[in-house]
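*Asks:* Pasted the sequence and its predicted model underneath.
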Amino acid sequence: MTSHDDATAAAAFAGPGGSGAAAAGSETETAAGPAAAAVGASPRAALITGGSRGIGLEIARALAADGFALTLSARSPEPLEAAAAELAATGAQVIAVAADASEPDDLDRLLAAHEQRWGRLDALVMNAGMGHGSLIAETPLRRVDKHYTLNVRGTFALLSSALPLLRETAASDPRGARVIALASLAGLMAEPGLAAYSATKAAVVSLCEALCAEEGANGVSATAICPGYVDTDMAAWKHDEIPASEMIKAADVAELAVSLTRLSRNAAVPVLAVHRAGGGLRGA
Ligand SMILES: NC(=O)c1ccc[n+]([C@@H]2O[C@H](COP(=O)([O-])OP(=O)(O)OC[C@H]3O[C@@H](n4cnc5c(N)ncnc54)[C@H](OP(=O)(O)O)[C@@H]3O)[C@@H](O)[C@H]2O)c1
């Protein structure tokens, strides 16, 4: 299978997400909200990967409305800056940092920019992810590697690098610090044609459980949110079977994410399954 085949598969499942990879090395601290200079007020701060559209942007909107200062990240600078500008226009404090979440060096640069700007990390939202649909028998290992590199390795790298700041924040705030990872219902139950995606999302679930077990006593916990089909670019390929109007709303996922940040540090929620009403037994 050629790289063209992978690009086609990406368009089928992941939407046009790959277009901005070349620009991902450039940090673009852009839109800052009116109150951005008032860091001394020390608002709670969140870092969101894959924040330029879809579920990530919806979570950003919800966290901003709840008073969080934000670091927003994705690969393509232009949509990222547009998203940051939209949030800033509502009064949100936000910086935008273009970064590829599959590149550990990019992730370290992203985290450093966040820490330098906000000095704390109350919510780490690891939302960037990819999915290419194909049967196991027809899936080249190269495609498995791509899934693994972003969905698992990149997620692990960001979590590991962010832990010191998460712990430090949790030590100074009775609410603790939260990690919120976008896994998938496909990571909890198999769907034919999504094996590579499902396997990596199952790994994200496991990573969140492990984080809860290791860091709960430090006030840091993680939640793998596992939705069925959500109405975003990524799920557009499924519209023949499930109309957009019947899919889970990105705002539903955002509501859950914000709710997690309001819990006391005593409540750990390792996994949240979000079924699609009317989706039958699987609810995908
Ligand atoms: N939509 C669903 O049905 C569904 C269901 C369950 C779980 N999920 C999960 O939810 C998460 C978000 O999905 P979505 O539906 O909101 O997708 P989406 O609408 O396609 O948005 C994807 C976002 O991630 C960014 N992104 C993609 N690859 C990236 C990379 N390598 N590094 C950094 N940013 C990257 C994109 O911007 P750039 O392209 O500019 O980087 C964009 O901001 C994913 O992890 C997905 O697996 C989605």
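*Replies:* Yep, it's here.

*Asks:* Kindly report the residues of the stretch 101-250 of the chain close to the ligand.
*Replies:* Residues of the stretch 101-250 of the chain lying near the ligand by Cβ under 6 Å from any ligand atom: 101-102, 127-131, 150, 182, 184, 227, 229-230, 232-235. From N, CA and C alone the C-beta is placed, and that goes for glycine too.

*Asks:* Is it possible to mark the buried ones in those residues?
*Replies:* 101-102, 127-131, 150, 182, 184, 227, 229-230, 232, 234-235 (16 or more other Cβ atoms under 10 Å).

*Asks:* Mind checking which of these are in strands?
*Replies:* Under the assignment DSSP state E, these contribute 182, 227 to strands.

*Asks:* Quick check: the farthest pair among the buried ones among the residues of the stretch 101-250 of the chain next to the ligand?
*Replies:* The distance between the two most remote of these (Cβ to Cβ) is 23.5 Å, for 102 and 229.

*Asks:* Please name every helix or strand in contact with the lengthiest helix in the chain.
*Replies:* Looking across the chain with DSSP state H, the single longest helix is helix 195-215. Taking 3 or more Cβ pairs under 8 Å, 6 or more residues apart in numbering; DSSP states H and E as contact, the helices and strands that helix 195-215 lies on are helix 141-147, helix 155-172, strand 177-182, strand 220-227, strand 271-274.

*Asks:* Can you point out the buried residues in the helix or strand hosting residue 110?
*Replies:* For residue 110, the host element (DSSP states H and E) is helix 104-118. Using 16+ other Cβ under 10 Å as the test for burial, helix 104-118 gives 104, 106-107, 109-111, 113-115, 117-118.

*Asks:* Stretch 188-197 now?
*Replies:* Of the residues in stretch 188-197, those with enough neighbours to count as buried (16+ other Cβ under 10 Å) are 188-189, 193-197.

*Asks:* quick one: which of the residues you listed is nearest to the ligand?
*Replies:* Of all those, residue 197 has the smallest distance to the ligand: 7.2 Å, by Cβ to the nearest ligand atom.

*Asks:* Quick check: the closest one touching residue 185?
*Replies:* No. Residue 197 is beyond contact range of residue 185, at 11.1 Å (criterion: Cβ atoms under 8 Å).

*Asks:* Contact partners for the residue of the stretch 101-250 of the chain found nearest the ligand?
*Replies:* Nearest residue of the stretch 101-250 of the chain to the ligand, counting by Cβ to the nearest ligand atom: residue 129, 2.2 Å away. For residue 129, the contact set (Cβ atoms under 8 Å, 6 or more residues apart in numbering) comprises 50, 150-151, 182, 184, 201.

*Asks:* mind running it again at 7 Å?
*Replies:* Neighbouring residues of residue 129 by Cβ atoms under 7 Å, 6 or more residues apart in numbering: 50, 150-151, 182.

*Asks:* now do residue 218
*Replies:* Neighbouring residues of residue 218 by Cβ under 7 Å, 6+ apart: 167, 170.

*Asks:* what's the distance between it and residue 115?
*Replies:* Separation of residue 218 from residue 115 (Cβ to Cβ, to the nearest Å): 18 Å.

*Asks:* Quick check: chain neighbours aside, which residue is closest to residue 278?
*Replies:* Once flanking residues are discounted, residue 278 sits nearest to residue 246: 6.3 Å by Cβ to Cβ, 6 or more residues apart in numbering.

*Asks:* Quick check: that neighbour vs residue 75, distance?
*Replies:* Shown here: residue 246 relative to residue 75, a distance of 30 Å by Cβ to Cβ.
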